[in-house]
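Asks: Build the 3D model from these lines:
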Amino acid sequence: EAGTLELLRVASQGGWPCITRTGQVSIPGWAERRVEQRFELHVPVSISYGPARFPAIVENATAAGLGLASAVGVKEGVDLKIHLPDGRTVTGVVRWARSGKIGVRLQRPLQADDPLLCLGSRTPH
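Replies: Numbering: from 1, shown residues only. Next comes the predicted model:
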């Protein structure tokens, strides 16, 4: 309880982390602390868990994970298959999912010269 009160006190003074007006926690500088190079993409793929496949878009990628957009609701912790346009399938675990976005941690990291990463533009975070 004391930790929660301290968090709220610091946040009310604009400290770090901050709570936005909508009640979400915002951590300034979080994106800048990422270790892996991120590539911005727009690659249509399909995703599957269980027997069904659903359309999705890879919006960004690092060697260790993918950021997807999909209308399909997926829960955190689900094992997901991502079927790439070149015929390969990569697998990973859903780390977070909200508002049509899905963060997937890949079971096997992509190589630096992976064709998927080569499609994207590099971003500083």
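Asks: so what secondary structure elements neighbour the helix or strand hosting G103?
Replies: Assigned by DSSP states H and E, G103 belongs to strand 101-106. For strand 101-106, the contact count by 3 or more C-beta pairs under 8 Å, 6 or more residues apart in numbering; DSSP states H and E identifies strand 65-69, strand 79-83, strand 89-98 as packing neighbours. All C-beta atoms are positioned from the backbone trio N, CA, C, and that covers glycine.
Asks: Strand 101-106 and the first one, what's the angle between them?
Replies: By that I understand strand 65-69. 160 degrees (axes from the mean of the first three to the mean of the last three C-alpha atoms, to 10 degrees).
Asks: for strand 65-69, packing partners?
Replies: strand 52-61, strand 89-98, strand 101-106.
Asks: Pull the number of nearby residues for N60.
Replies: When counting by other C-beta atoms under 10 Å, one arrives at 20 neighbours for N60.
Asks: Okay, it and G103: tell me how far apart.
Replies: For N60, the distance to G103 (C-beta to C-beta, to the nearest Å) stands at 10 Å.
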